[in-house]
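>>> Just need the structure, nothing else, for what follows:
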Amino acid sequence: MNTQQEKAPSTLMVASAFAIVYIVWGSTYFFIHKALEGLPPFFIGAFRFIIAGLLMMAWALIQGENVFNFKNIKPAIITGLLLLFVGNGVVIWVEQFLPSAMVAIMISSSPIWFVLLDKPKWQENLSNRSTIVGLIIGFAGVILLFSERVMSTFTSLNSGRDLFAMLLVIIGSMTWAGGSLYSKYNSTQNSAVVNSTWQMLAAGLAFAPCSLLSGELNQLDLSSVPTGSWLAVVYLIIFGSIIGFSAYVWLLKVQPATKVSTYAYVNPVVAVLLGIFFAGESITKMQILGLIIILFSVLMINLRQYRAARAAS
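Numbers count the residues shown, from 1 in each chain. Next comes the predicted model:
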């Protein structure tokens, strides 16, 4: 997504980017869990982001992008460490211990952190009743969506490790919001491709020593890794990183951060629907109510933009 059109992005481009972030990222919870069946977490992070970053760099060079500019590289590296190494790394690591439903709920607190950490927009966001109400309703909707699973999960959380993992998810959610806002306000590179390239390479190179120091490589037998795990990693590289993350980075530049953060409410909806259609899972009345509430919350959060657009037309 080159940003020649960045000042006035078309409605189709914005809608397509939101669709990618909503749908593709909603599926990554499943594929991360699938990858973890045969591969250790830090290795997944290193392999996924280094390969994705190198592919993105090759594409940027072919397109004639100015890739090697330290003024642009520095903020991208900081963003990559905050978003992908800490934020996404936490999700990969804790899914070894916590059910994906629990992780999805805790990650859905991200929109709240976006509002609280976005100081330049405090006056606008905190005075916007529809935004605040939408955030609260959306979080409640996610809890309703997974209410049955949450109740059973809490009864099994009896170890210090699980509680520590839950704390890490909250910290990771805050870090993701902070990194996203840093990217929005500090990025000097107009190209989302170049930004994404260095963000992914920074994260991948940060994961590599973690994998080495944790002893993962000593225990890893690549020949015994199931094909399904490798296919899951390929999906995460192509769709989760190259396509999904690039769309997210671009959206942060052209849309309000609070609006972009609604992905955290919609992703669990997509995860549930994928389970229903592809894994033969059933849906309860409580889950249907949660789905309706979440979609209503997204409407509430975007109400000001809808009204402004209507008034301008």
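>>> Next, count neighbours for the nearest residue in space to Gly240 that is not next to it in sequence.
Nearest residue to Gly240, sequence neighbours excluded (CB to CB, 6 or more residues apart in numbering): Thr28, at 4.6 Å. All C-beta atoms are positioned from the backbone trio N, CA, C, and that covers glycine. Residues within reach of Thr28, counting by other CB atoms under 10 Å, total 23.
>>> what does Glu37 give?
11.
>>> The closest residue to Thr197 other than its chain neighbours and Phe139, how far apart?
Among residues not flanking Thr197 along the chain, Met56 sits closest, at 4.1 Å (CB to CB, 6+ apart). Taking CB to CB, to the nearest Å as the measure, Met56 falls 33 Å from Phe139.
>>> So those two - more neighbours on which side?
Between Met56 and Phe139, Met56 has the larger neighbour count (other CB under 10 Å), namely 26 against 21.
>>> Relative to Trp198, how far out is the more buried one?
9 Å.
>>> for Tyr29, same thing?
In terms of CB to CB, Tyr29 sits 26 Å off from Trp198.
>>> the more surrounded of these two?
Under the neighbour definition other CB under 10 Å, Tyr29 and Trp198 were set side by side, and Trp198 has more, 26 against 22.
>>> who's in contact with that one?
Gly53, Asn72, Ile73, Ala76, Ile77, Gly80 (CB atoms under 8 Å, 6 or more residues apart in numbering).
>>> For the stretch 1-150 of the chain, which segments are assigned as helices?
11-36, 41-62, 70-80, 89-94, 100-107, 110-117, 122-126, 129-145, 147-156 (DSSP state H, counting those that start in this stretch).
>>> So for Ile288, which of those helices sits nearest?
helix 129-145 (9.1 Å; CB to CB).
>>> What angle do helix 110-117 and that closest one make with each other?
If you take axes from the mean of the first three to the mean of the last three CA atoms, to 10 degrees, helix 129-145 sits at 150 degrees to helix 110-117.
>>> Contacts made by helix 129-145 with the rest, please.
104-105, 108-109, 111-112, 115, 125-126, 150, 258, 262, 265, 268-269, 272, 286-287, 289-294, 296-304.
>>> Show me which positions of that helix end up buried.
Ser130, Thr131, Ile132, Gly134, Leu135, Ile137, Gly138, Phe139, Gly141, Val142, Leu144, Leu145 (16 or more other CB atoms under 10 Å).
>>> where in the stretch 1-150 of the chain is pLDDT low?
For the stretch 1-150 of the chain, the stretches with pLDDT under 70 are 1-8, 99-102, 105, 146, 148-150.
>>> 50 - rerun?
1-6 (pLDDT under 50).
>>> The stretch 201-313 of the chain too?
In the stretch 201-313 of the chain, residues with pLDDT under 50: 313.
>>> Could you report the neighbour count for Ile170?
14.
>>> and after the one helix or strand it maps to, which helix or strand comes next?
According to DSSP states H and E, Ile170 maps onto helix 160-186. Per DSSP H and E, the first helix or strand lying C-terminal to helix 160-186 is helix 192-213.
>>> OK, contacts around Gly89?
So Gly89 contacts Pro41, Phe42, Gly45, Gly172, Ala203, Phe207 (CB under 8 Å, 6+ apart).
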